[in-house]
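1. Here you go, sequence then predicted model.
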Amino acid sequence: MFPYPVLILFLVVMWLLLNGFTLGHFILGLIVATFASWGMASLRPDKPKVKKWHLLFKLLFIVLYDIIRSNIGVASVILRGHPEGHTSCFITVPLELEDRTALAFLAVILTSTPGSAWLEYNSNDRTVLLHVLDVIDEAAWVNTIKNRYEKLLMEIFA
Amino acid sequence: MTGWTHHLIIAPILIPLIAAAILLFVNERQRVTKAMISLVATIILVGVAITLFEIENRSNGFEGVYLLGNWAAPFGIVLVLDGLSALMLLLTAVVAIAALVFSLARWHGVGAHFHTMFQLLLMGVNGAFLTGDLFNLFVFFEVMLAASYGLLLHGSGPLRVKAGLHYIAVNLAAALLFLIGVSLIYGTAGTLNMADLAARIPQIEEDRRMLMEAGAAVLGIAFLIKAGMWPLCFWLPTAYSAASAPVAGVFAILSKLGIYIILRLTMLLFGEGPSAGFGATFLVFGGIATLIFGIIGVLASQALGRVAGFSVLVSSGTLLMVLGINDGAVSSGALLYLVSSTLTISAFFMLIELVERGQDAGAAVLAVTMEAFGEGEEGEPEPEEGVTMPGTMAILGTCFAACAILLSGLPPLSGFIAKFAMLSAMMGTGAIGVPPTAAVWTLSILVILSGLAALISMTRAGIRTFWTSIEGTVPRVLVIEIVPVMFLLALTLVLTLRAGPAMHYMDTTIRTLSNPSIYIDAVTNAAVMPGVGNRSGTEGK
Amino acid sequence: MEIILSIAIGVMTSCGVWLILRPRTYQVIIGLSLLSYAVNLFIFGVGGVKSNLPPILDESASTTMIADPVPQALVLTAIVIGFATTALFLVVLLASRGLTGTDHVDGRGGSR
Amino acid sequence: MSAIIIFTAVAIAQLMLAAAMAIVSVRMFRGPRAQDRIIGLDALYINAMLLLVTFGIGTGRVIYFEAALVIGMLGFVATVALAKFLMRGEVIE
Amino acid sequence: MTLEPYFLLVLLILPFAGSLISVFLLNTPSRVLPSWVAGSAALTSLLIVLFAYPAISGGEPLRFEAEWVPQLGLAFKLRMDGFAWMFSVLITGIGFLVIVYARYYMSEEDPVPRFFSFLLAFMGAMLGIVISGNVILLSVFWELTSIFSFLLISYWHNAAAARDGARMALTVTGIGGFCLLIGLLILGNIVGSYDLDKILQSGDLIRGHSLYVPALVFILLGALTKSAQFPFHFWLPNAMAAPTPVSAYLHSATMVKAGVFLLARFWPALAGTEEWFWLVGSAGIITLLLGAYFAMFQQDLKGLLAYSTISHLGLITTLLSLGSPLATVAAIFHMLNHATFKASLFMAAGIIDHETGTRDIRKLSGLYRFMPMTARLAMVASAAMAGVPLLNGFLSKEMFFAEAVQTHADSFLDTMLPYVATLASAFSVAYSLRFIHTVFFGPPPVGLPKEKPHEPPRWMRFPIEFLVLICLVVGIAPAISVGPFLLTAVSSVLGSQTPEYDLAVWHGFNLPLVMSIIALIGGTALYFTFRNYLARCEDGPPFLRRLKGQRIFERVLVEVSWHWARQAEKRIGTRNLQPQLRWVVAMGFFAGLLPLYLSSFEPRPFVFTGVDPTFGALWLIGICLAIGTAFLAKYHRLAALVMLGGVGLIVCITFVWLSAPDLAITQLLVEIVTTVLILLGLRWLPKRSEDFDDTITLRARFRRFRDLALAVACGVGMTFIAYASMTMPVPDAIANYFLENAYSQGGGRNVVNVILVDFRGFDTLGEITVLGVVALTVFALLRRFRPAADSMAMPEQQQIQNRLDEEREGRSAGDTVKDYLFVPSVIMQWLFPVIITFSVYIFMRGHDLPGGGFSAGLTLSIAFLLQYLAGGTRWAEDRLRILPLRWMGIGMLTATATGAGAWLLGYPFLTSHFRYLEVPLIGKVPAATALLFDLGVFTLVVGSTVLILVALAHQSIRINRLHAAEMEKAKEA
Amino acid sequence: MIQPAADIPLAVAIGVAFFLLLGASLALIGAIGFLRLQSFYERIHAPTLGTSWGIGGVMVASMLYFSFSLQKPVLHELLIGLFVTVTTPVTFLLLARAALYRDRTEGKNGVPGGIGKAAGERVGEEPVDPP
C-alpha cells in the first residue's frame, strides 16, 4: 500500500506546499502521493536504506555553508579576471561509498558547490574524477570530500 | 427538425470519431473486426448523410444550426447545416464508402491503423463542412490534414514518402498562413463566428477593414493551396498519384474542401456590403492559370495517376474561375460540376490501380511496401480472399471509357451535363441577350480545351493500357474492388438522368447562399436551450 | 512593447522563411518551428498586448481590464497542433532519408 | 518607501538577469563546442526561471510561479537529452 | 394521346436495348445469335420508321417530350419530320443491310457480339441526332456517335492503323463536337431556347444578331469536322482501318452524313448570308475538287472510296452553301443517293477484300471471271457514283450542275463553280472507271494473299443487290419511287420556301447535260491517258503525295500535346519542394500586403517609448538566437537546435510577461518534448560537414540572394502587419462575453481554460484528435522505417566506447554507458513520482489557474520520457507497461462521452454542467463536467506523446538488432 | 508596467531587495565567468553560481516578499530550489562526461584517463598518455 513512506511524505508535503495547507488537500495529496509511489515501485529502484535520519540535516547545513563559501570563492576568481589567477586541475578520489543513492547525494553536493565538478565515476575501481577550479592543495580536497561528506553519507546510508 | 433529429447535425463528426476511438482498442491483427467496425460506421454515416440531405432537400433553404455546448451563437462554436454542407456531406459519405469497400480487398492491410485514420479523415472533412466558426474550421482542417498525411503515407515506399514530405511541408506552410489570416480577422473584427463576422463587416471602420481584408486574403491563400490553384498546386498531382488507390479515391474530396470554403466565405462575407466581390478577379485569373496548367499537365502526363492528379487541377481551375465570375446560375452549374468531378476522379483513382495491376506497376508498388523489413512485427498481408471478377477486361475497359468520357465532358454522363450547365448559364439560355464577356469566352475555350486534353490523354493512355499490351495479363480484380468504382460511375449516370432535380437542389442552395442574411439570421437567432446551470437565453449578447 | 514584439515576429518570420526555402530537411523543420513561434506570437499579439493582466478571474479585478483570452486559447490550440505536425514532419523526413538515402527535400543526392 | 525599494531592486535584478542571459547566449553562439552551447542553454533556462520569479515579485502575483517551477523541474530534461546525444550519439538506447 | 409519339421513344431505345443485349452475349461462342439480335433490332426500328410515315407525311412532325433539366432549357425532346424521317430510313435500313452483311463478313476469331453491340449503339446515337428536338440533346447524340465510331473503327485494336485511325477520328470529331456545343449555346443565347422548332423559326433574328458569326463558325466547325470537309478531311481515309461493314455504314450513310444533315437542318436558321456562303462554300468546293482528285490516285480500294466520299460530301456542302432552295433540294436528294451507291460500293470492296485478301488496286485484276455477280453489281454502283444516266447519281448531279451554272452570289467563287463542278465530275468518272476497270477486267491476278477467289455467300451479296436495285429504280423512275418521300423531306426543311422542282431523267438538252457529257468523256479520257501511271504509282496524288494530312495532324498532335506540353509543364510547374514553398511564401506575402497597398493603408508610426528595457533586452537575445539558428542550421545541427531552444524560452518568457501564463507553461513543455523528439531524429540524419561546400555556383548564389530577399520582405511585412494590428483600437470582441461569463456560467476562473474546455471545447476535441492522428501516423510509418545505409551502424561514439571497454582490462562492453548513467539515473528515477504528482497538480488546478489537461499530459509524458532516458528502452519497458494506444482510445472516448452526456438531458453536445459538491472533511469542491472532458484531453495527450516518443526510441533497438542480423548473414555468406 | 508592491514593512523590503540583488548578481557573475573562463572544465563551474545561491537568493526574496504581502507563509519556492539543486547535477554530469570522452578521443586539453590506441588511430591523432 505505501511502498515508500518517505517518498509519500515528501510528495504530500510538496502537494501541500503547492496547494496550500488544508485538510482537503492533505487527503487528496495523500491519494495522489500513494499513486505516484506505486509508479515509483514499478520502476524497482535500488531501495536505499536510510539509517540515521537526523544526520541528513547536519549534512544539509554543512553543505549550505560550504556552498556559500565556495560561492564567494568562485565569484572572486571570476571577478579577479586574469586567466592565470587560479589553478584548476583534475583530481581522482577513491570512494568507499557503494550505495547509488548515496553516490547521487555526493554528486549533487559536489556539483552544487561551485568550484568543484563531478566528472566521471568509475564503478570498477570505485574512483571519481573531479575537476576543481581553484586548487591549492590536492590532498586537502580529497580529505575534505572523504571526511566531510563521504563519512556522513556512509553513516546515513549504512 | 426538432427533437432527436436536431442532434443528427453533429453525427457526421461524432460517428467517425467514436469509431476511431473504438478501433484503437482493437488489435492490429484482428483485421476483420477492424474492417467491420469501420464499415458499419461508414454505413451509418451514409445513412445520416442521406437523412440530412433529404431534410435539406425537402425544406427550401432551411438552416439547421447546432449550438455546441449550448452557448449562444457568436460565443460558442456552431455547426451549420445548409444545402451546401448537406450536399458535401453526402458526397463525402458516398465517396468514403466506396473507397472503404475498395480498401478492404487488400490495401487496408498493408500498414497500421488504416481504418482509424480513415475515420478521422472523415471526421475532419465533415467537421470542416459543418462548422460555422473560422477557428474551428482551422482545427478540422488540421484534423483532416493530419489524417491525410497518415493516409497518404499509408503503405510507405519511396514515392509516397517523398510526395508526403512535400505535401506535408506545403500544408504546414498553409496552416501557418491560415493561422495568420484567422488571427488578423479576429484582431480586426473581434469575432470568429462566420455569421457574426458577416454581420460585423459593414460596421468595421475603414482602416480596420483593410487589415481584415488582408487577413481574408491570406486565409484565401491557405484554402487555395488546398484547392490547388496554380502556382500553389505542384504538390497535388504528385501527392495524389502517389497515394494508395483507396486513399487517392477519398482524397478527391479534399481539394473540393478548399473550393467549398472559398465558395462559402466569398458568398457569406463578400457577397454584399463594402467588401463585396473581394478577390473575385484574382479567383478568375487564378482559375485560368490553374486550368491551363491542368490542361498542360493532363497532356504531358504519361502515368495514369498523374493524369488523374492533373484532372483534379482542371476541375479546381474550372471551379475557381466560375466562382470568380460568381453568378447565381453559373454557380449552381458549378456545384453540379463539383459533385460530378469528385465522383469521377474518385472512381478514376481507384480504377487506375486495378488497371495498372495488369501491367505489374501496381504490384510493384505493393511489393515495395512489403519490403522485407517488418522483421516479424508486420504480419504479411494475407493473400486477399474474395470473388474475382469475371469478364475483368471488359468491365475495366468500360469503366475506363466511362472515366474518359466523364473527364472530357462528353455525353452521356454527368461530366457533360455539368459543363453544359455552367456554359449554358454563361452564354446560353441562362444569359439571353447578354453578350458573353471575355471571361466567359476564355472559360468556354478553356473548358473545351480541357475536355480535349482529357480526351487525347485518356485515349492515349487507354490505348496503351488496354490495346497495346503485348502479352496482356489479365489482372486479378476482386468484386469488392470493382463494385465501388462501378457504384461511383453509376452515380454519375444517375446524376445525368436526374439532372433536373439535381439542378433544382443546386439552384436552391445557391439562392440561399447568395442571400447571406438567411445564414446570418439563422445563426444569430439560434436560441440556446434554457435551464442548464444558471445559463439563460441570449444573455450577454 | 508592441514594437519589440512586432520586430521579433518579423525577424523570426524572416529566419523561418529563409530556412524553409533551404534544401535540407533539417533546415526546413527548424524553419517551420521558428515560423510557428512567429505565428503564435502574432496570433497572441493581435488582441492587443497587456502586461500583468492575465485572464484569470478573481473577485477584485474588473473584467474589462484583463487581457483578451481568446487569442491565448487559439495559440494554445496552435501550439499543440504545431507540436503534432512537427513530430510528424520529423518522422516523415526520417523516412524519406531512409528511403532515398539523402536528406535533400527532393530526395536528390549531392550537396548544395 | 518599501514599494520603491522593491521596485528598484526588481528592475535592477531583471536587468542583471537579462544581461546574464545575453552573456550566456554569446557563449551559446560562440561554442566552441556543443557542450558549451548546451551548458549555455541550461544556464539560460536557469536565468529565465530567475527572471520569472523576479517578475512575479515585481507584479505581486503568484500565478507566474508555475512557469518557473516547470522550468526548475523539467527544464533539465532537454539539456540532459542533448548531453546524452553528445555522449552516445543517440538519446534513448 | 395517341401512341405515335411513343414511336420515337421506342425507336430510339430499341437499338440501345439491342446493344445492351449484345453485351450480355459477349461470351457466347455463336456468331449467329448476336447477328439475329442485332438484325431484328434494326429491322424493327426500320419498320417503326416506315409505319410512322403516314403521321409525318401530313407535314406536322411527330413529337415526344419529357422533362430533363428544365432549369437549363434542356428537355428530352424528340421530333421527327420528313427530313428526319428520310434519314431515319437511311440509318435503320442501311443499318439492317450492314448487319446482314456483317453476319457473313466477320470471321470466327472476331468477338462478334462486341461488334454488333457497338454498331447498334451507334445506330441509336445516329437516330438520336436526326430525331432530336432539342439542340443540346442533338449535341449529346452527336458526341455519342463520335465515341461509338471510335470504338467501331478501333474494332481490330491489335492493328496500329486501326488504333491511330480511330483516335484521330475521335479527336477531330470530338473537337468538332465541343465546338458545336459552344455554337449551340450561343444560339441558345440568341434565341433564348434550345428548342429546335424555336430556333428554326428564328432565322431572321439569328442572322441579324451580333453573335451570328461566332455561332456560325462554331457550328460549322462541328459540321465540317464530322463530314470530313476540308481542312478536316484527313481523318476519314485513316478511318478505313475499320472493318468494312463499319465503313459501309459510317462512312457512307450515317456518321459523315451527320455533318451535312446538320447543315441542312440549320439551313433555315443560318443559311443565306454572305458569311455562310463563303465559309461553307469554300470548304465545300475545295473538298469537292480535292477529294475527287485524290481519289484517282488511291491504291487502296477503300481509300479510293473514302476520298470519293469526301468529294461527294463536298458536293453536298457546296449545294447547301448556295442558299437557294433548289440547291438544297439537290443536296438532300444527293445525300440519299450517295448513301445508297456508296454503301453498296463499300460492301463490294469488302467482298473483294474478303475473297482476295487484299485491297491494293495494283494487285487486283480480272476478278470478273471469279465473281461475275459481284462485279456487275459493283459496276452499276460505280456508274451511279460517276453519274451515268439512268442511275440515281446522275439525277442529283444534274441538279447540281443546274445550280452551279446559276448565279447566286456574285463572286469569284460563284463564277468558278461550273468549271470546278465539271472538273470534279470528270475526276469522279475517272476514278469510278478505274475502280471497275482495274479490278474486274484484265488478266487474272497473280500473287494474291488468298488463292481462288469466288462469289460470296448468297446473303452476303443480298444487301448490295438491294441497294443497287434502289439505285436503278430511283435512277429510272425518280418521280414515282422517291418523289413523294423527297418532297416530304424537302418541305420539312424548307417549309414555305419549298421550290418547284422536277424529278425527271430527261430535262432536255441543256447546259447541265452538256457538262455531264463533258465530264463523262473527259473522265474516261483522263483515265485512259494516265492508266499506266496509275497502275504503278505510289499511293496518293503526285506532288501532294508527301503532304499527308494525317501525318501532319499526328505530328502536330504529338508535338503540341506531348512535347510542348511536357516542356510547358516543366516550365510552369515543378516537382521540387523549394520552388513550391517559395511560391507559397510569396503568394502569402502578396496576399497579405496587396490589399493594404491597394487601399493605401497607413500604419501607425513606430513608437519606441514605454518599452520595458528588460523585455527589449530579452528580445535582443531572442533575435540574435533566431538569426543564429538560421545561420547554423545547415552544418551545426545540434547548435541550431540548442539555439532554437533558446528562442523558445524567450517566447515563453514573453508569454509570461504579456499575461499568458497558460501559454508559457504549455510552450515550455512542448519545447522540451520537441527538443527530445528532434534529437531522436537527429540520430538518423547523415553527417554533414562544411568541407563539401566549396563550389557555390552563380545560380546558387542568385537563388540564395532571392530567398534572402523574400525572407526579409516577409519579415518586414509581418512586422508591419503585426504592429498595425497590435496598435489598432481593440474591437468589441467576443472576449468580453467570455470574461464575464467564465466564472458564472463556466465555473472556472482561468478564462483561457474555460474557453478551451467549455466555450470552445469542440476545438479542443479536434485538436487532441490531431495529436492522436499524428501519433498513429508516426507509429505506422516507423514500423516500416529503414534508415539509410550509412546510419545503420551504431553511432560512432558508441562504437568507440564499446571498443575501448573491450580493450581495457577489467571492463566489458557497455561499462561506459553503465558508469555514465550510474549516478544521474538515480536522480532521474526518483524524480518519476515527483513529476507524476506535479502533473496531477497541474491538471487539477487547470480550471481556475494556469494549467490544464494538455500541460498535465505533457508533464506526465515527460516523466515517462525521463525514465526512457535514464534506463534505456528495454529497462523502461521492463518496468513500465505503457499502452499508449489504450490511453489514446480511453482519452478520446472520455472526451466524447463527456460531450455526449449532455444528450441524456436533451442538451446539445458538450453542454457543460458544474456545481459545488459538499464533501465531508474537505468542504466545497467544484465539480464540472468540463473537468472530465479535460481528463480525456489529458489521457489522450499522454498516450499520443508517449507513442510518438516510444516509436522513435524503439528504432535504435530495432535497427541494432537488424544490423547485427545482417552482419551475421554477411559473415555466413 | 510593474505593479506597485503591496504595503510591507521596510525592513522586509530591504531584505527582499538584498536577496534579490544578491541572487541576480551571482547569476550575472556566473554568466560572466561562463563567458570568460578558458577551458570547458573551468567554465562548467561558473553557472553553478547561478544554480546554487543565485537561485537561493531569489527564492528567499520571493518567499519573504510573498509571505508578507499575502499575509501567509508562502514556501513553495523551496520546491524550485530543491528541484534545481537536484536536477542540475544530472545535466552537468552527463555533459562533463561527454566532454571528457571527446577530449580523450581527440587527445586534447590534458584530460586524465586517456584512451587506448584503437581510438587514437581512428581519430588520427596521437593519443595522450594518462598522467
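-> Yep, that arrived.

2. What segments of the chain are helices?
-> I'll assume chain A. All helices of chain A, identified by DSSP state H, fall at A:5-19, A:23-43, A:54-80, A:100-112, A:138-143, A:151-156.

3. Wait, chain F was what I had in mind.
-> Using DSSP H, helices in chain F cover F:10-36, F:40-43, F:47-49, F:55-69, F:77-106, F:117-123.

4. separation between E:Pro850 and chain B?
-> 21 Å (CB to the nearest CB, to the nearest Å). Placement of C-beta: from N, CA and C, glycine included.

5. out of everything not next to it in sequence, what's closest to that residue?
-> E:Pro661 (3.9 Å; CB to CB, 6 or more residues apart in numbering or on different chains).

6. Report how many residues lie close to that neighbour.
-> 26 (other CB atoms under 10 Å in any protein chain shown).

7. for it, what are its contacts?
-> E:Pro661 is in contact with C:54, C:56, D:63-64, D:66-67, E:655, E:850, counting by CB atoms under 8 Å, 6 or more residues apart in numbering or on different chains.

8. Restrict these to the buried ones and give me that as a ChimeraX selection.
-> The ChimeraX selection below is limited to those of the contacts of E:Pro661 classed as buried (16 or more other CB atoms under 10 Å in any protein chain shown):
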select /C:54,56 /D:63,64,66,67 /E:655,850
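
9. Can you give me the neighbour number for whatever residue of the stretch 1-150 of chain B ends up closest to chain C?
-> Proximity to chain C, evaluated over the stretch 1-150 of chain B using CB to the nearest CB, is greatest for B:Glu142 at 5.1 Å. Look at B:Glu142: counted by other CB under 10 Å, it has 29 neighbours.

10. same deal with the one 5 residues further on?
-> Number of residues near B:Ala147 (other CB under 10 Å) recorded here: 30.

11. and after the helix or strand of chain B with the lowest mean pLDDT, which helix or strand comes next?
-> Using mean pLDDT, DSSP states H and E, the weakest-scoring helix or strand in chain B turns out to be helix B:361-369, at a mean of 42. Using DSSP states H and E, the helix or strand that follows helix B:361-369 towards the C-terminus is helix B:392-408.

12. That following helix - contacts with which helices or strands?
-> helix B:328-357, helix B:414-427, helix B:438-462, helix B:479-497 (3 or more CB pairs under 8 Å, 6 or more residues apart in numbering or on different chains; DSSP states H and E).

13. excluding its backbone neighbours, what's nearest the residue in chain E positioned nearest to chain F?
-> Of all residues in chain E, E:Pro824 sits closest to chain F, at 4.4 Å by CB to the nearest CB. Spatial nearest neighbour of E:Pro824, excluding adjacent residues (CB to CB, 6+ apart): F:Val90 at 4.4 Å.

14. That neighbour against E:Gln829, yeah?
-> No. F:Val90 is beyond contact range of E:Gln829, at 11.0 Å (criterion: CB atoms under 8 Å).

15. As JSON lines, the contacts of E:Pro661 with secondary structure, pLDDT and distance to A:Ser112 would be great.
-> Below are the contacts of E:Pro661 laid out as JSON lines (DSSP: H, G, I helix; E, B strand; the rest coil; pLDDT from 0 to 100; distance: CB to CB, whole Å):
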{"residue": "C:Pro54", "secondary structure": "coil", "pLDDT": "76", "distance to A:Ser112": "33"}
{"residue": "C:Ile56", "secondary structure": "strand", "pLDDT": "76", "distance to A:Ser112": "35"}
{"residue": "D:Ile63", "secondary structure": "coil", "pLDDT": "83", "distance to A:Ser112": "29"}
{"residue": "D:Tyr64", "secondary structure": "coil", "pLDDT": "85", "distance to A:Ser112": "25"}
{"residue": "D:Glu66", "secondary structure": "helix", "pLDDT": "84", "distance to A:Ser112": "24"}
{"residue": "D:Ala67", "secondary structure": "helix", "pLDDT": "87", "distance to A:Ser112": "23"}
{"residue": "E:Phe655", "secondary structure": "helix", "pLDDT": "90", "distance to A:Ser112": "30"}
{"residue": "E:Pro850", "secondary structure": "coil", "pLDDT": "77", "distance to A:Ser112": "29"}
